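S.K.: please find the sequence and the predicted model below.
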Amino acid sequence: MKLMWHSYRYYPYEMNLARRELSTLLPTAKPAENKYGIRLYGSVDRRIADRLVYFASLEDGETSELTMQARLERAGANGGNRQSTRYSAHGIHEYKGKFNPQVVRAILNILDIPIGARVIDPFCGSGTSLLECAHLGMRAVGTDINPFAVFVANAKLTAIGRPAVELRNALEAAVKRCRTIRPPKKGNARRDYLSAWFDGDVLTEIEKMRIAIDGGGTVDSAPLLAIASNLLRDYSLQDPNDLRIRRRKSPLPEKPFHAAFYDAALQFCAKLADAQAVLRRPLSNSRAVLLDSRDLGTKRLGGAAGKFDCALTSPPYATALPYIDTQRLSLVWLGLVSPADILPLESRLVGSREVRGESKSLLLRDLQTNEARLPVRQARYCTALQSALSEADGFRRQAVPLLLYRYFAGMAQVFRALRPLMHDGAPFALIVGSNHTVLSGRRFDIDTPKHLAEIAACSGWEHVETVPLQTYQRYGYHMSNAVTGEGLVIVRAA
């Protein structure tokens with residue numbers, strides 16, 4: 001049998017993952033690799049080979065069959081000339097900071113997680129891992145502190161589990177209702193906040209559409225609202241390319257919001273129908289839960305029972321992305337948080353850049369005394385950063401040592417809280433990026449994957465390995481702060 005490569009260009013780490021998933025899933029087959037793919041000698045189970053991510057087709061004599069991954073990527077996508085990451089329900093929202101779905105599936109293959117296994121993602125974000133587990137027939141639970149992340153994740157899972165034609169019918173009904181709706185004009189904190197970020201006519205349009213979608217009273221409302229929320233930044237007075245608050249200089253789109261929403265929803269329904277035609281097995285129950293992963297040991301996972309066979313996640317990076325602030329328009333528009341709760345919620349995130357009020361002095365005390373009882377190397381590293389500060393460093397850099405210490409402490413809490421929920425020996429895979437800072441003119445490289453591996457080893461886990469991953473080139477406002485390297489950290493419950 002021959003396994004043929006996809007036609008798109010691979011990153012070196014993708015080739016490495018391809019070989020590793022092959023050796024795990026088909027350990028008895030002897031591979032011979034060339035530029036077109038890999039020929040396998042020996043017995044090959046086609047059903048298992050169909051799970052492979054980084055191969056486009058299986059060829060055996062005169063027959064050729066696309067892998068499940070290739071069929072999903074090509075369903076309503078680009079014909080296979082480039083890697084698709086928005087197949088199935090993944091494209092419902094351009095959520096910032098999500099990780100590549102192919103990597104998720106490859107990790108599950110490399111770790112040899114069987115169909116029907118229980119998987120947990122403690123930082124599930126918009127549900128990339130949950131959806132991939134659903135595709136494979138695994139039972140996944142995700143937690144996140146961000147209400148919008150949980151909303152989008154569950155919207156994806158709802159969409160993939162419903163016939164696409166029903167979502168299309170709900171769309172048509174919502175558009176029809178929208179023509180007769182007159183949104184209330186009475187002011188409140190929510191509407192006042194939105195009025196500051198949308199022109200009056202645009203705000204009227206988006207409010208009418210929200211009411212029309214909600215008025216359907218069906219589970220299809222969540223996927224449609226997620227699609228609509230993905231357009232809010234483009235139609236707001238905020239620069240749509242900026243993660244923080246910055247007024248736009250470019251004109252608003254010429255296409256009306258309701259027309260843009262209808263077109264986007266139609267495209268999503270078509271892509272969803274194509275993906276559902278590919279998926280052969282019934283989708284298992286997966287869900288996202290609004291929960292701080294640091295509290296996993298003290299709060300129930302929405303009725304989840306039994307221990308987990310695997311954990312995987314892409315956790316927040318230290319001081320990397322302002323997740324809440326980036327999505328504040330959607331959070332308020334959907335009524336998930338009040339405007340007054342945005343900044344307090346942002347400050348509670350693991351990896352938050354926010355230090356407010358007395359917390360800075362408390363953080364300094366915690367750093368100096370190692371209140372979180374971090375491993376010695378991480379505590380000393382943060383102390384060394386603090387000692388390197390000078391008056392020439394601005395307020396953002398002044399906070400870096402404290403924020404890094406708080407990040408390490410938060411991740412240590414997650415490792416400790418998650419461990420009792422796992423079977424002994426169960427793997428935990430984390431994709432995390434390295435970054436750097438400059439203090440007093442001196443550059444400090446922060447090897448986050450190595451730090452987290454050492455923290456995990458002191459929190460009930462055994463470090464297995466760290467696999468380097470190359471990141472995509474970033475452009476625009478934030479290219480100077482972009483993560484330049486990532487690592488796949490694999491640990492096991494000790």
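M.R.: Done, it's in.
S.K.: SS state for Ile455?
M.R.: Classification of Ile455 by DSSP: H, G, I helix; E, B strand; the rest coil places it in helix.
S.K.: neighbours around Gln267, how many?
M.R.: Per other Cβ atoms under 10 Å, the neighbour tally for Gln267 reads 13. For glycine as for every other residue, the C-beta is placed from the backbone atoms N, C-alpha and C.
S.K.: for the host helix or strand of it, packing partners?
M.R.: Under the criterion of DSSP states H and E, Gln267 resides in helix 257-278. The contact analysis (3 or more Cβ pairs under 8 Å, 6 or more residues apart in numbering; DSSP states H and E) places helix 257-278 against helix 68-74, helix 147-160, helix 164-178, helix 200-214, helix 221-229.
S.K.: least confident of the ones you listed, on average?
M.R.: Note on the helices and strands packed on helix 257-278: helix 68-74 shows the lowest mean pLDDT, a mean of 91.
S.K.: sorry, back to before: export the helices and strands packed on helix 257-278 to a markdown table and tack on distance to Ile324?
M.R.: Putting those into a markdown table (distance: least, Cβ to Cβ, whole Å) gives the following:
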| stretch | distance to Ile324 |
| --- | --- |
| helix 68-74 | 31 |
| helix 147-160 | 8 |
| helix 164-178 | 28 |
| helix 200-214 | 20 |
| helix 221-229 | 14 |
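S.K.: for Leu283, find the nearest of these.
M.R.: helix 147-160 (6.3 Å; Cβ to Cβ).
S.K.: pick out the residue nearest the middle of the protein.
M.R.: In the chain, the residue lying closest to the centroid (Cα atoms, centre = their mean) is Lys98, at 3.1 Å.
S.K.: restricting to C-alpha, output stretch 116-133 in PDB.
M.R.: In PDB, the C-alpha atoms belonging to stretch 116-133 read as follows (Å, rounded to 0.1, in the frame of the first residue of the first chain):
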ATOM      1  CA  GLY A 116     -14.700   6.100  22.600                       C
ATOM      2  CA  ALA A 117     -12.000   7.500  24.900                       C
ATOM      3  CA  ARG A 118     -12.700  10.300  27.300                       C
ATOM      4  CA  VAL A 119     -10.600  13.500  26.600                       C
ATOM      5  CA  ILE A 120     -10.400  16.800  28.500                       C
ATOM      6  CA  ASP A 121      -9.200  20.200  27.300                       C
ATOM      7  CA  PRO A 122      -8.700  22.500  30.300                       C
ATOM      8  CA  PHE A 123      -8.200  25.600  28.000                       C
ATOM      9  CA  CYS A 124     -10.600  24.600  25.300                       C
ATOM     10  CA  GLY A 125     -11.000  28.100  23.700                       C
ATOM     11  CA  SER A 126     -13.300  27.900  20.700                       C
ATOM     12  CA  GLY A 127     -13.400  24.100  20.800                       C
ATOM     13  CA  THR A 128     -10.900  23.000  18.200                       C
ATOM     14  CA  SER A 129     -10.000  19.900  20.200                       C
ATOM     15  CA  LEU A 130     -13.600  19.100  21.100                       C
ATOM     16  CA  LEU A 131     -14.700  19.200  17.500                       C
ATOM     17  CA  GLU A 132     -11.800  16.900  16.400                       C
ATOM     18  CA  CYS A 133     -12.700  14.500  19.200                       C
END
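S.K.: buried residues in it?
M.R.: Within stretch 116-133, the residues scored as buried using 16 or more other Cβ atoms under 10 Å are 117-133.
S.K.: check stretch 64-75 too.
M.R.: 66-75.
S.K.: could you pull out the strands for the stretch 251-400 of the chain?
M.R.: Secondary structure of the stretch 251-400 of the chain by DSSP state E, counting those that start in this stretch: the strands cover 287-290, 310-313.
S.K.: can you list the ones you listed in TSV and add mean neighbour count?
M.R.: Formatted as TSV, the strands of the stretch 251-400 of the chain follow (neighbours: other Cβ atoms under 10 Å):
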stretch	mean neighbour count
strand 287-290	20
strand 310-313	26
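S.K.: which strands or helices does the lowest-mean-pLDDT helix or strand in the chain pack on?
M.R.: Lowest on mean pLDDT, DSSP states H and E among the helices and strands of the chain sits helix 323-326, with a mean of 82. Packing contacts for helix 323-326, counted by 3+ Cβ pairs under 8 Å, 6+ apart, involve helix 342-348.
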